[in-house]
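K.L.:
Give the three-dimensional model of this entry:
(chains A and B)
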Amino acid sequence: MKKLSARRRHPLAAVVVLLLALAATGGLYAAFAPASKAQADDTAQSLAITEGKKLYSVGCASCHGTGGQGTTDGPSLVGVGSAAVDFQVGTGRMPAQQQGAQMPRKRAIYSQAEIDQLAAYIASLGAGPVAPTKKDYSPDGANIAKGGELFRTNCAQCHNFTGEGGALTHGKFAPNLGEVSPKHIYEAMQTGPQNMPSFPDTTMTKQNKKDIVAYLKTVNGDKTESPGGLKLGGLGPVSEGLFAWIFGLGALVAVAVWVAARTAKAKKS
Amino acid sequence: MSTTTNATKVSNDAPSRGTAPAGERIADWADGRLGIYSLAKTNMRKIFPDHWSFMLGEVCLYSFIIIILTGVYLTLFFHPSMNEVTYHGPYVPLQGQRMSEAFNSTMHISFDVRGGLLIRQIHHWAALVFLAGMFVHMMRVFFTGAFRKPREVNWLFGFLLFVLGMFTGFTGYSLPDDLLSGTGVRFMEGAILSVPVVGTYLSFFLFGGQFPGGDFVARFYSIHVLLLPGIMLGLVVGHLILVVYHKHTQFAGPGKTNNNVVGMPLLPVYMAKAGGFFFLVFGVIAVVAAIASINPIWAMGPYRPDQVSTGAQPDWYMGFSEGLIRTMPGWEINVAGHTLVLGVFIPLVIFPLVLVAIAVYPFIESWVTGDKREHHILDRPRNAPTRTAFGAAWISWYFVLLVGGGNDLWATHFHLSINAITWFVRVGFFVVPVLVFIATKRICLGLQRRDKDKVLHGRESGTIKRLPHGEFIEVHEPLDQEALHTLTAHEQYTPVEIGPLVDENGVERKATRSQKLRARLSKGYYGENNQIPKPTVEEYKEITSGHGHH
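P.N.:
Numbers count the residues shown, from 1 in each chain, chains lettered A, B, ... in the order given. So this is what the prediction gives:
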């Protein structure tokens, strides 16, 4: 201690203290920083991230920025999570064809493996909603009626009673949910894509989301039966009125013309 | 001698042998008590003219009968109650949900009652067809001028039937207490609430307290099955009695005058035709109901005031009121703690005006023309250009509002911006009827010119002839006498004049404002360039007698 004390006024003492302080800070950072966790991940995950980053640089970076930070043409992707990537790219909305009121659904460009790699890369930029597993959205153990009630309370005002879709302002729209896969419906609720509000697990539990998906696939799926006959789009009175005018009254006018043309005429003209 | 005996014998036997056929005896029995012979004598040979458009009214009558028949069946199973129950029926996506008994019993009708869903769908489709039929029937009467004296009262009867039909339909649509119709009832409640001063009281009176309360289904039920159909039935009977009393109108043609009706007798021709037509109407509606779903309440779910769906529209006949509300800017005025919601109240005021505009037209026209004679010969729409233009403008007005009512579906199905559609409707509400009026009038005048041309120069035969000096002409075939009559049978009015404002003694007379208005309107109807003078006999002779054709 005496030695130390004697040299405390040495010209280089300040430099040594500074170095020690820096080393301690750096060491502490190295010990506690989140990066260490990523490094601890298995190689498969880091490989996916690397591959995802390559795909990202080619297909997404022009709008979303080279590091996912966003540009004037596209929002930041930090923290959107793998669920958002799986939804947007899986339904073909991303990569976008052009700017517009809303990105429409189209044929997916990437394979599911590529989508997973992209998702892994975006997830590595910041924590966000994680893509669901099959167990989360399968109809097993779902309460369909409860899902219907939740759907009518939270979703029907934009998506219609049975998810046939509806209009929003300025050319935007809530799409028809009939052809959307259960996984993507689930992810849309998690992430709130485009104009849709998000329903994280804290406001709508996983079980509730499962119920809603099961309800939708029951009333607007491939195997849905329409007890009354043709659904007429499931759009309500507008399409019914059109049908009544064209096929109801139209047929009756045709019949009236037919009946009037067949008469007991005194002379044939 | 023997013959005499025989004769006596026959006459004695007559009562025992000569019992009349059973049908005749029943008829005799009925005549003695109901006087059917004299009734039949006057009515069985009643003549009706033949034209398909004269059967539109029959479409309405028959669909009304179908609605009554199917409606009676539905009342056997429907519970007009808002008591809350839990659904335990076969439709899985609603099992365990709480709902009103009205909704539950409609589910029961749809899924458990034998033929229930088909009858429900026939009832509802027939209602849509009934209203559409009345609309078209009314337009037929309008465009042919069949509303003129002596039929003004019957026009009003028909108009009342249309309006009552709208409200009967609306109350019926609200009965199942599903999410769609509940939204419609809420819409109506909002409109009532917007009425200054009394709105709140009216709403409380109608719903027995706060919306939705526990009363409105039961109240709408008695209005839907008793009050309105009762009035309508009475009006239908009156409407038909007047049709028989006035006799049917007919289109102009050879042998058809204002004093006769050319057609076929009620018995047997129209008895068979009309009877058969009833079954055809029933058949068409039943087929539509069997193949197409209507108002699938199971998909909509029970009504809860905290839920709503997009695409919440009323049935088509109320669609124009929806359009008024959807496109009206949301204006409101706050005065001393009270709010006047103009955004809802103005549409509520325009709603009846849209309907009244067409209802009062016959009276305006008779005032403008000053014509107090009876008319039993129908006009061709082109020969009454101003009336036709007014009717077309009204229809376009109605249609613009329907577009507004379905603006969301126009947006999604034609990839348009809903805001753009709303603005189109706001502007179109004022502009489209004017444009349609002008265009229709021009088209009518063009058709009148064409008729005149046809009368004077004949029909274009399509045969091109080259004359010796090289000119090409098209050969025109002269029309036959019948066609000439039909094309020139219409009357043409001259504009009403105010008359000299100074009499022979130099005393000035002041024309009243209404006289001036009438003279101006009349000029707009029948003045120069507002109708094409029909060819005169002299013109026809001059052209046809001369150098062959023109």
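K.L.:
Now do the strand or helix carrying B:Trp423, average pLDDT.
P.N.:
Taking DSSP states H and E as the criterion, the element that holds B:Trp423 is helix B:418-457. Helix B:418-457 shows a mean pLDDT of 95.
K.L.:
Which positions in it come out as buried?
P.N.:
Within helix B:418-457, the residues scored as buried using 16 or more other Cβ atoms under 10 Å in any protein chain shown are B:418, B:421-422, B:424-425, B:428-429, B:432-433, B:436-437, B:440-441, B:443-445, B:447-448, B:451-457. For every residue, glycine as well, the C-beta is placed using N, CA and C.
K.L.:
I would like the C-alpha coordinates for the helix or strand just after it, written out in PDB, please.
P.N.:
Where DSSP H and E defines the elements, the next helix or strand beyond helix B:418-457 is strand B:459-466. Coordinates of the C-alpha atoms in strand B:459-466 are reproduced here as PDB (Å, rounded to 0.1, in the frame of the first residue of the first chain):
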ATOM      1  CA  ARG B 459     -89.800   3.400 -92.300                       C
ATOM      2  CA  GLU B 460     -86.200   3.200 -93.400                       C
ATOM      3  CA  SER B 461     -86.200  -0.100 -95.300                       C
ATOM      4  CA  GLY B 462     -82.400  -0.500 -95.600                       C
ATOM      5  CA  THR B 463     -82.600  -0.800 -99.300                       C
ATOM      6  CA  ILE B 464     -80.300   1.600-101.100                       C
ATOM      7  CA  LYS B 465     -81.300   2.600-104.600                       C
ATOM      8  CA  ARG B 466     -79.100   4.300-107.200                       C
END
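K.L.:
where's strand B:459-466 relative to the chain centroid, distance-wise?
P.N.:
Taking Cα atoms, centre = their mean, to the nearest Å, the mean C-alpha location of strand B:459-466 is offset from the chain mean by 43 Å.
K.L.:
circling back to that earlier point, remind me what the helix holding B:Trp423 packs against, helices and strands.
P.N.:
Counting by 3 or more Cβ pairs under 8 Å, 6 or more residues apart in numbering or on different chains; DSSP states H and E, the packing neighbours recorded for helix B:418-457 are helix B:319-327, helix B:385-405, helix B:407-413, helix B:481-488, helix B:537-545.
K.L.:
Can you add mean pLDDT, distance to chain A and mean neighbour count and give those helices back as a markdown table?
P.N.:
Conversion of the helices and strands packed on helix B:418-457 to a markdown table gives the following (pLDDT from 0 to 100; distance: least, Cβ to the nearest Cβ, whole Å; neighbours: other Cβ atoms under 10 Å in any protein chain shown):
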| stretch | mean pLDDT | distance to chain A | mean neighbour count |
| --- | --- | --- | --- |
| helix B:319-327 | 95 | 7 | 23 |
| helix B:385-405 | 96 | 8 | 22 |
| helix B:407-413 | 93 | 4 | 22 |
| helix B:481-488 | 90 | 9 | 16 |
| helix B:537-545 | 83 | 24 | 12 |
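K.L.:
tell me the angle the helix holding B:Trp423 makes with helix B:537-545.
P.N.:
Using axes from the mean of the first three to the mean of the last three Cα atoms, to 10 degrees, the interaxial angle of helix B:418-457 with respect to helix B:537-545 works out to 70 degrees.
K.L.:
Would you mind measuring the gap between the ends of stretch B:213-228?
P.N.:
Between the opening and closing residues of stretch B:213-228 there is a gap of 23 Å (Cα to Cα, to the nearest Å).
K.L.:
give me the element the residue most central in space within chain A is part of.
P.N.:
Within chain A, the residue whose C-alpha comes closest to the C-alpha centroid is A:Ala188; the distance, by Cα atoms, centre = their mean, is 3.4 Å. Assigning secondary structure by DSSP H and E places A:Ala188 in helix A:182-191.
K.L.:
Centre of the chain to that helix, how far?
P.N.:
Centre-to-centre, helix A:182-191 and its host chain are 5 Å apart (Cα atoms, centre = their mean).
K.L.:
Contacts (any at all) between chain B and that helix?
P.N.:
No: in terms of Cβ under 8 Å from any Cβ of the partner chain, no part of helix A:182-191 sits within range of chain B; the closest distance is 15.8 Å.
K.L.:
which outside residues touch stretch B:481-499?
P.N.:
Residues lying outside stretch B:481-499 but in contact with it, judged by Cβ atoms under 8 Å, 6 or more residues apart in numbering or on different chains, are B:251-254, B:368-371, B:377, B:379-380, B:383, B:451, B:454-455, B:479, B:511, B:515-516, B:518-519, B:522-523, B:525-527, B:531, B:533-535, B:540.
K.L.:
how about a cut-off of 7 Å?
P.N.:
B:252-254, B:369-370, B:379-380, B:383, B:451, B:454-455, B:511, B:515-516, B:518-519, B:522-523, B:526-527, B:531, B:533-535 (Cβ atoms under 7 Å, 6 or more residues apart in numbering or on different chains).
K.L.:
cool, stretch A:46-66 as well?
P.N.:
By Cβ under 7 Å, 6+ apart, the residues outside stretch A:46-66 that reach it are A:70-71, A:73-74, A:77, A:95, A:114, A:116-118, A:120-121, A:124.
K.L.:
Which of the residues you listed ranks first by neighbour count?
P.N.:
For the contacts of stretch A:46-66, neighbours were counted using other Cβ atoms under 10 Å in any protein chain shown, and A:Leu118 has the most, 28 neighbours in all.
K.L.:
which SSE is that residue in?
P.N.:
Counting by DSSP H and E, the element that carries A:Leu118 is helix A:112-125.
K.L.:
And the next helix or strand past that helix?
P.N.:
For helix A:112-125, the following helix or strand on the C-terminal side (DSSP H and E) is helix A:134-137.
K.L.:
Can you give me the buried ones in that next one?
P.N.:
With burial defined by 16+ other Cβ under 10 Å, the residues of helix A:134-137 counted as buried are A:136-137.
K.L.:
Can I get that helix in PDB? Just the C-alpha atoms.
P.N.:
Coordinates of each C-alpha in helix A:134-137 appear next as PDB, following Å, rounded to 0.1, in the frame of the first residue of the first chain:
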ATOM      1  CA  LYS A 134     -49.400 -25.000 -34.800                       C
ATOM      2  CA  LYS A 135     -50.600 -25.700 -31.200                       C
ATOM      3  CA  ASP A 136     -51.500 -22.000 -30.800                       C
ATOM      4  CA  TYR A 137     -54.000 -21.700 -33.700                       C
END
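K.L.:
helices or strands up against that helix?
P.N.:
Using 3 or more Cβ pairs under 7 Å, 6 or more residues apart in numbering or on different chains; DSSP states H and E as the contact test, the elements touching helix A:134-137 are helix A:182-191, helix A:206-219.
K.L.:
could you give me the average pLDDT of the last one?
P.N.:
The reference is to helix A:206-219. Averaging pLDDT along helix A:206-219 gives 94.
K.L.:
give me every residue that touches the nearest residue to B:Ile333 once chain neighbours are set aside.
P.N.:
Excluding the flanking residues, the one nearest B:Ile333 by Cβ to Cβ, 6 or more residues apart in numbering or on different chains is B:Leu340, at 4.5 Å. Residues counted as contacts of B:Leu340 (Cβ under 7 Å, 6+ apart) are B:196, B:332-333.
K.L.:
can you check B:Ile346 too?
P.N.:
For B:Ile346, the contact set (Cβ under 7 Å, 6+ apart) comprises B:Met328.
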